[in-house]
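Q: Model the structure of this input:
(one chain, ligands or ions: 2)
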Amino acid sequence: MFKPEVYKKRRSTLHKMMKTGIALFLGNSEAPMNYPANTYHFRQDSDFLYFFGLDLPGLAGIMDFETGKDWIYGNDVDIDDIIWMGPQPSVRDLAAKCGIPNTAPLSRLEETVRKAVSGKRKVHFLPPYRGENKMVLGSLLKENPCGMKTHASAELIKAVISMRSVKEPVEISEIEKAVDIAREMHITAMKMCKPGVSEQEIFGTIEGLALAKGGGTAFPVILSVNGQTLHNHAHGNILKKGKMMVTDAGAETNLRYSSDITRTTPVGGKFSQIQKDIYGIVLNANTGAIAKTGPGKSNREIHLMACRIIAAGLKDLGLMKGDVDEAVAKGAHALFMPHGIGHMMGLDVHDMEALGEDYIGYSNKVKRSDQFGLAFLRFALEYKPGHVFTIEPGIYFIPELITKWKSEGKFKEFINYSRTGKYMSVGGIRIEDDVLITEKGHRVLGKAIPKTIKEVEAVCA
Ligand code: GLY
Ligand code: MN
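A: Ligands and ions are numbered 1, 2, ... in the order given. All right, here's what the predicted structure looks like:
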C-alpha cells in the first residue's frame, strides 16, 4: 500500500467534489472456481483500491459527504479463521493503514444504508460488474440486483474518472515497474520464439514471470501465431518457420498497477521480406503516433494519424490505392486495422472501463463514431498531463473479413483485394507501448523494449 496520506488526500478531493449524500464502495469478495473454498486468484476492485488501498476480500467503504467522515466495514477473523489463515490484522488496524479511524462490522452496513435512504439522502455507488456485488447492492437498496448498474451515480462516476485519469507520481512509478516486468516477459517470449516450441510453453513461462515479479498478469495473455485474431487466448499451436508470433502481455505490480505491451516476433528470429514490409509500416505507425502525443492533441487525432501512416504504407505495397486521406476518412483502412489506437491504463489495464467507456473517452461535444474501426476507439478526447495511454497500432490479414468485404465489393476503389493473398501468412502484427502525457509532450514508460527489426533480431539471436 501507499502511505495513508495518499488515500486521505484522494478521499478529501472526492469529498470536495461531491458535497451531499453518502458513497458506498463495495470491495470485491472471493470468487469460487469450482466449489466455494476453491477460489480464483483474488483481485480487489480498482476504485476500492484507489480510495482505500486495502487488497483483501470482504470489505466495504463508506464516505459521508455531509459529516466528512469515512468508514471501513468488515469483520474481524475468529479463531476458526485463524486456524486456516493464520493471524490476521483487525479491521481497525487495516482501516488505520488508509487513514480511517472509524470501523464497523459488515452487519451494520445495511443499517447505515437504510438510514441514509429513509433520510432521503442519496446513496452514490459505482456500476457493479460482479454478480456478488450486484446482489449485495440489490439487497441493501431493496432493488432488483440485475438492474443495479442503471442506478449507479453519474455524479460519482464523473468525479472518480476525473481523479483517476490524472496519475500521481507514485502511480506513474508503479506503472513503470509494471512495464519493466512486461519487458522481461517480452524478451523471454522473443528468445523462446523458435520452430518446434509450443505457444503454451511460452505463455506459461511469461505468466509465471508476471507472478514471480509482481501480482500476475494485468489481463489474460494474448499469444499466438494467429495474431490476426485480435484477442487470441488459445495457445495450442507449435511454432513453425514463416509465422509471426503476436505477444500482447502485461503485468500487474503488487499494488495492482498495470502494463500492456505488444511485440510481434518472427518464428526463428529472422524477418522475411514480406514480414519486414508489414512490420515496418506498423513500426512507423507506432513511433509516428507516439512522437505526436502530448497535451492539446486528442487521441482521435493520433488514431487517425496512425491510420493514415498505415494506409500510406499499404498503398506503397500495392495493397491499398487512391487518396490516403479519403480512404481513412471513409474507413477503408479498417479492413487491416479494425481497432482503436489505444486506451487509458492505470489500476485497470483498460483503465476505469467498468465505469463506462463513454464517460471516460467521450463527452457531450465529442461523440463516438459509428464507423467500423473508429467505433472501437475507447478514448477520443484531448490528452492531459498525467494521462497514461497505450499506443498500439496493428495490421491484420483476417481471412473472413477480407472474404466478406471482397464479396461485397466494399471499398474496391481503395483496396487491391487481388494483392492480399501474398501477405496472408503474416497473420497479424501489433506493436504497443505505454506512454505518459507530460506538460511538454510525452514519455514512453519503462526501460526500452526491443522493437526495431534489428533489435528484435538481435534478441532472438
Ligand atoms: N491488451 C489487450 C487490449 O488492450 O485490449
Ligand atoms: Mn492494449
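Q: who in this protein is up against ligand 1?
A: Within reach of ligand 1 by Cβ under 6 Å from any ligand atom, the chain has these residues: 219, 248, 260. Backbone N, C-alpha and C define where each C-beta goes, glycine included.
Q: Where does the second one sit: helix, strand or coil?
A: Secondary structure assignment for D248 (DSSP: H, G, I helix; E, B strand; the rest coil): strand.
Q: surely it meets L223?
A: Yes. Contact criterion Cβ atoms under 8 Å: D248 and L223 qualify, at 7.4 Å.
Q: sorry, back to before: considering only the residues of the chain next to ligand 1, which also neighbour ligand 2?
A: Near ligand 2, judged by Cβ under 5 Å from the ion, the entries from the residues of the chain next to ligand 1 are D260.
Q: which residues touch W71?
A: Under the criterion of Cβ atoms under 8 Å, 6 or more residues apart in numbering, the neighbours of W71 are 61-64, 100, 102-104, 112.
Q: Please identify the buried residues of the helix or strand containing it?
A: Applying DSSP states H and E as the criterion places W71 in strand 70-73. Of the residues in strand 70-73, 70-73 count as buried by neighbour count, 16 or more other Cβ atoms under 10 Å.
Q: Same question for stretch 368-385.
A: Neighbour count says stretch 368-385 has 368, 373-374, 376-383 buried, by 16+ other Cβ under 10 Å.
Q: Are that stretch and ligand 2 in contact anywhere?
A: No. Judged by Cβ under 5 Å from the ion, stretch 368-385 stays clear of ligand 2, getting no closer than 9.2 Å.
Q: Determine how far the last residue of that stretch lies from the first.
A: End-to-end span of stretch 368-385 (Cα to Cα, to the nearest Å): 23 Å.
Q: State the pLDDT value of the residue lying farthest from the centre of the chain.
A: The outermost residue of the chain relative to its centre, with distances by Cα atoms, centre = their mean, is I79 at 39.5 Å. The confidence metric pLDDT takes the value 95 at I79.
Q: Same question for K19.
A: Note for K19: predicted pLDDT of 86.
Q: still on that earlier bit, report the separation between the residue farthest from the centre of the chain and ligand 1.
A: Distance from I79 to ligand 1, counting by Cβ to the nearest ligand atom, to the nearest Å: 44 Å.
Q: what does the protein have sitting close to ligand 2?
A: Neighbours of ligand 2 within the chain, by Cβ under 5 Å from the ion: 260, 390.
Q: In the chain, which helix is the longest?
A: The helix that spans the most residues within the chain, counting by DSSP state H, is helix 169-192.
Q: May I see the buried residues of it?
A: The neighbour-count check on helix 169-192 (16+ other Cβ under 10 Å) flags 171-172, 174-190, 192 as buried.
Q: What lies in contact with the helix or strand containing L401?
A: Here L401, judged by DSSP H and E, is contained in helix 399-408. Residues outside helix 399-408 that contact it (Cβ under 8 Å, 6+ apart): 228, 335, 338, 410-411, 415, 417, 420, 424.
Q: Give me the distance between it and the centre of its chain.
A: 30 Å (Cα atoms, centre = their mean, to the nearest Å).
Q: Next secondary structure element downstream of it?
A: Sequence-wise, the next helix or strand downstream of helix 399-408 (DSSP H and E) is strand 428-430.
Q: That following strand packs against which elements?
A: Counting contacts by 3 or more Cβ pairs under 8 Å, 6 or more residues apart in numbering; DSSP states H and E, strand 428-430 packs against strand 244-249, strand 261-266, helix 273-292, strand 394-396.
Q: mind putting the ones you listed in JSON lines, mean pLDDT, mean neighbour count and distance to R430 included?
A: JSON lines is the format used below for these (pLDDT from 0 to 100; neighbours: other Cβ atoms under 10 Å; distance: least, Cβ to Cβ, whole Å):
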{"stretch": "strand 244-249", "mean pLDDT": "98", "mean neighbour count": "26", "distance to R430": "6"}
{"stretch": "strand 261-266", "mean pLDDT": "98", "mean neighbour count": "27", "distance to R430": "4"}
{"stretch": "helix 273-292", "mean pLDDT": "98", "mean neighbour count": "20", "distance to R430": "7"}
{"stretch": "strand 394-396", "mean pLDDT": "98", "mean neighbour count": "26", "distance to R430": "3"}
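Q: of all those, which lies closest to K8?
A: strand 261-266 (33.2 Å; Cβ to Cβ).
Q: Can you give the contact residues for stretch 149-163?
A: 10, 13-14, 17-18, 23, 47, 50, 122, 124-129, 134, 141, 143, 352, 355-356, 359-360.
Q: could I have that stretch exported to PDB, CA atoms only?
A: In PDB, the C-alpha atoms belonging to stretch 149-163 read as follows (Å, rounded to 0.1, in the frame of the first residue of the first chain):
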ATOM      1  CA  LYS A 149     -25.900  -0.800 -13.000                       C
ATOM      2  CA  THR A 150     -28.600   1.600 -14.200                       C
ATOM      3  CA  HIS A 151     -28.900   3.100 -10.600                       C
ATOM      4  CA  ALA A 152     -25.200   3.900 -10.400                       C
ATOM      5  CA  SER A 153     -24.400   7.600  -9.700                       C
ATOM      6  CA  ALA A 154     -23.300   9.500 -12.700                       C
ATOM      7  CA  GLU A 155     -22.000  12.300 -10.400                       C
ATOM      8  CA  LEU A 156     -19.800   9.900  -8.600                       C
ATOM      9  CA  ILE A 157     -18.700   8.200 -11.800                       C
ATOM     10  CA  LYS A 158     -17.600  11.500 -13.300                       C
ATOM     11  CA  ALA A 159     -15.800  12.600 -10.100                       C
ATOM     12  CA  VAL A 160     -13.900   9.300  -9.900                       C
ATOM     13  CA  ILE A 161     -12.900   9.400 -13.600                       C
ATOM     14  CA  SER A 162     -11.600  13.000 -13.300                       C
ATOM     15  CA  MET A 163      -9.400  11.900 -10.400                       C
END
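Q: Find the closest residue to ligand 2 in the stretch 201-350 of the chain.
A: The nearest approach of the stretch 201-350 of the chain to ligand 2 comes at D260, 4.1 Å away (Cβ to the ion).
Q: quick one on the thing from earlier: let's have the buried residues of stretch 368-385 in JSON lines, adding distance to V435.
A: As requested, these are exported to JSON lines (distance: Cβ to Cβ, whole Å):
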{"residue": "R368", "distance to V435": "22"}
{"residue": "G373", "distance to V435": "21"}
{"residue": "L374", "distance to V435": "20"}
{"residue": "F376", "distance to V435": "19"}
{"residue": "L377", "distance to V435": "16"}
{"residue": "R378", "distance to V435": "15"}
{"residue": "F379", "distance to V435": "13"}
{"residue": "A380", "distance to V435": "17"}
{"residue": "L381", "distance to V435": "15"}
{"residue": "E382", "distance to V435": "15"}
{"residue": "Y383", "distance to V435": "9"}
